[in-house]
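*Asks:* Fold the stuff below for me.
(one chain, ligands or ions: 1)
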Amino acid sequence: MQQHAEGPAAMLAIGTANPTGVVVPQDIFAENIFRVTKSDHLTELKEKMKRICQKTGIDKRHFHLTEESLAAHPEFLDRQVPSLDSRINMADTAVPELAQCAAIKAIAEWGRPATDITHLVFSTYSAWQAPSFDHQLAALLGLRPTVCRTILSLHGCYGGGRALHLAKQLAENNHGARVLVACSEITLVCFGGPDGGNLIGSALFGDGAGAVIVGAGPFTEGERPIFEMVSATQTTIPRTEHVLGMQVSGGGVDFHLGIQVPMLIGQNIEKCLLDAFTGFVDDPSSSWNDLFWAVHPGGRQILDNIDTELKLEPGKLAASRHVLREYGNMSGATIIFVLDELRRRRKEDGDNLLLPEWGAMLAFGPGITIEAMLLRCPGASPLNNN
Ligand SMILES: CC(=O)CC(=O)SCCNC(=O)CCNC(=O)[C@H](O)C(C)(C)COP(=O)(O)OP(=O)(O)OC[C@H]1O[C@@H](n2cnc3c(N)ncnc32)[C@H](O)[C@@H]1OP(=O)(O)O
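*Replies:* Numbers count the residues shown, from 1 in each chain. Below you'll find the model as predicted:
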């Protein structure tokens, strides 16, 4: 058997899912969260939460946690009260089940049996046990006992990018490999009553899962590459480890989102893209507008800064802004929603009329870490680049 595959890996199918229970419009989120956490007396904080919510570019978000489950777990309201065990217990079924919903869609689109999956890469910020969600998802989907499982834990918002990067390497280095990437993010592990430190995360994060089947040539009949994964890099911005991070404590997971995050990403993005693309695209910086863009919408300001730094034409980040508006920031899963939205737009436009041949995928997270990937639409005509 040959060891390496033929050509670059490609995404062969994409699926997404959200919890169906609770959908909160952003314009009533502040009222809602202060009411359910019995924090209405914190009037200044509530006004600040309202100001932040208005600026997020989010219309609504989906959540697993219901008011009924909160009533059964009053310890979730106060981050000083130990609650990690209850959160882990709840996440134990919710996280893999949401991943299963997304994966079932991806596998159905792919058209081959789940037992043809050779590798599974699962990313989440909710995993603290072994065996973990990768093991549960393999069982839920009936994957073969020899499937090679990997779990990525607490990579945060670059988890989806990291998982796709790893899947590319696995697919290209193992002839015939078919990798299932699954990211499932549920905010119940970080939910808490509002305080000065968690307003931004609380105003941005939502729940969702994404799944992608990745494989490299030779492709079997019926397999259709959606995005070729041409090259990928991971960059850590030096001396920024204190700016963006997650910390697990007895009260759950705390996010630290420094106010400098959008600025630091903006300042470093072009260099990071040049590192990823040089050698693959002629003078990539000549016009970043010749590419299509799949950017993790970590926050509205991050997208605005990328637009400004790269001098992108209006609409270049439309898929990212759409996903932010409809679902909020679903951490590692969000980038898969953006890729799904891009291919949906391409289909609507009669395949490739609007989408250029080459594209950039970007995901950001703790570190600050930037995952960048050069993508190519196999069916696109270079003449249609705009
Ligand atoms: C966790 C992961 O792994 C990866 C991720 O994706 S992490 C998420 C990354 N996202 C971010 O870091 C958020 C990026 N920020 C934004 O998108 C925007 O700042 C925002 C939508 C939150 C607010 O929009 P804005 O245009 O900056 O509004 P602005 O009026 O300046 O700020 C609103 C308030 O929020 C405060 N604020 C903004 N960012 C803040 C931050 N990071 N921390 C604390 N307060 C912040 C401002 O000081 C301001 O407070 P006042 O109203 O009291 O003056």
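
*Asks:* how about Val212, secondary structure?
*Replies:* Here Val212 takes the strand state, with states given by DSSP: H, G, I helix; E, B strand; the rest coil.

*Asks:* That one bridge partners, please.
*Replies:* Val212 has these beta-bridge partners by DSSP bridges: Ile14, Val181.

*Asks:* Now do the contacts for it.
*Replies:* With contacts defined as C-beta atoms under 8 Å, 6 or more residues apart in numbering, Val212 is in contact with 11, 13-15, 106, 164, 167, 180-181, 336, 339. Heads up, the C-betas are built off the backbone N, CA and C, glycines and all.

*Asks:* Arrange those in TSV, one row each, with neighbour count as further columns.
*Replies:* Shown next, in TSV, are the contacts of Val212 (neighbours: other C-beta atoms under 10 Å):
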residue	neighbour count
Met11	24
Ala13	22
Ile14	25
Gly15	24
Ala106	24
Leu164	30
Ala167	26
Leu180	31
Val181	32
Ile336	31
Leu339	25
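
*Asks:* With respect to the ligand, which of those residues is nearest?
*Replies:* Ile336 (14.1 Å; C-beta to the nearest ligand atom).

*Asks:* List phi and psi for the closest one.
*Replies:* Dihedral pair for Ile336: phi -70, psi -40, per degrees, to the nearest 10.

*Asks:* Excluding chain neighbours, give the residue nearest to the residue of the stretch 1-150 of the chain found nearest the ligand in space.
*Replies:* Closest contact between the stretch 1-150 of the chain and the ligand, by C-beta to the nearest ligand atom, is at Lys55 (3.5 Å). Sequence neighbours aside, Arg300 is the residue nearest to Lys55 in space, at 6.5 Å (criterion: C-beta to C-beta, 6 or more residues apart in numbering).

*Asks:* How many residues are close by the one you found?
*Replies:* 19 (other C-beta atoms under 10 Å).

*Asks:* Check Val214 too.
*Replies:* With other C-beta under 10 Å as criterion, Val214 counts 28.

*Asks:* Flag every residue of the stretch 1-150 of the chain that's near the ligand.
*Replies:* With C-beta under 6 Å from any ligand atom as the criterion, the stretch 1-150 of the chain comes near the ligand at residues 48, 51-52, 55-56.

*Asks:* can I get those residues in a markdown table with neighbour count?
*Replies:* Putting these into a markdown table (neighbours: other C-beta under 10 Å) gives the following:
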| residue | neighbour count |
| --- | --- |
| Lys48 | 16 |
| Arg51 | 12 |
| Ile52 | 17 |
| Lys55 | 11 |
| Thr56 | 21 |
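
*Asks:* Export those residues as a markdown table, with columns for pLDDT.
*Replies:* Converted to a markdown table, those look like this (pLDDT from 0 to 100):
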| residue | pLDDT |
| --- | --- |
| Lys48 | 96 |
| Arg51 | 97 |
| Ile52 | 97 |
| Lys55 | 97 |
| Thr56 | 98 |
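
*Asks:* of all the residues in the stretch 151-300 of the chain, which ones are close to the ligand?
*Replies:* Taking C-beta under 6 Å from any ligand atom as the criterion, the neighbours of the ligand within the stretch 151-300 of the chain are 156-157, 200, 204, 244, 255, 257-259, 261-262, 298-300.

*Asks:* for the stretch 101-250 of the chain, what spans make up the strands?
*Replies:* Ranges of strands in the stretch 101-250 of the chain, per DSSP state E, counting those that start in this stretch, are 119-124, 148-153, 178-185, 208-217, 227-236, 244-249.

*Asks:* and among those, the most buried is which?
*Replies:* strand 178-185 (a mean of 30; mean count of other C-beta atoms under 10 Å).

*Asks:* For Ile306, which residues are in contact?
*Replies:* By C-beta under 8 Å, 6+ apart, the contact set of Ile306 is 265-266, 269, 295, 312, 317, 362.

*Asks:* repeat that for 7 Å
*Replies:* Going by C-beta atoms under 7 Å, 6 or more residues apart in numbering, Ile306 touches 266, 269, 295, 317.

*Asks:* next one: Lys50
*Replies:* Going by C-beta under 7 Å, 6+ apart, Lys50 touches Ala30.

*Asks:* before we move on, what about Ala372?
*Replies:* For Ala372, the contact set (C-beta under 7 Å, 6+ apart) comprises 232-233, 272-273, 276, 360-362.

*Asks:* for Cys101, same thing?
*Replies:* 17, 209.

*Asks:* Next: the one 3 residues further on.
*Replies:* The neighbours of Ile104, taking C-beta under 7 Å, 6+ apart as the test, are Gly15.

*Asks:* same check, this time on the one 3 residues further on
*Replies:* The neighbourhood of Ile107, defined by C-beta under 7 Å, 6+ apart, consists of 114, 213.

*Asks:* could you redo the last one with a cut-off of 10 Å?
*Replies:* Shown in contact with Ile107 (C-beta atoms under 10 Å, 6 or more residues apart in numbering): 13, 15, 113-114, 116-117, 141, 143, 180, 211, 213.

*Asks:* Which one (most neighbours) among the contacts of Ile306?
*Replies:* Greatest neighbour count in those, by other C-beta under 10 Å, goes to Val295: 28 neighbours.

*Asks:* give me the low-pLDDT residue ranges for the stretch 251-386 of the chain?
*Replies:* Counting by pLDDT under 70, the stretch 251-386 of the chain contains low-confidence ranges at 350-354, 380-386.

*Asks:* still on that earlier bit, of all the strands of the stretch 101-250 of the chain, which lies closest to Ala99?
*Replies:* Smallest distance to Ala99 across those (C-beta to C-beta): 3.8 Å, for strand 178-185.

*Asks:* Restricting to C-alpha, output that closest one in PDB.
*Replies:* Presented in PDB, the C-alpha positions along strand 178-185 are these (Å, rounded to 0.1, in the frame of the first residue of the first chain):
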ATOM      1  CA  ARG A 178     -10.800   9.800   5.400                       C
ATOM      2  CA  VAL A 179     -10.700  12.100   8.400                       C
ATOM      3  CA  LEU A 180     -13.800  13.300  10.300                       C
ATOM      4  CA  VAL A 181     -13.200  16.700  11.900                       C
ATOM      5  CA  ALA A 182     -15.700  17.500  14.600                       C
ATOM      6  CA  CYS A 183     -15.900  20.700  16.800                       C
ATOM      7  CA  SER A 184     -18.600  21.000  19.400                       C
ATOM      8  CA  GLU A 185     -18.800  24.000  21.700                       C
END
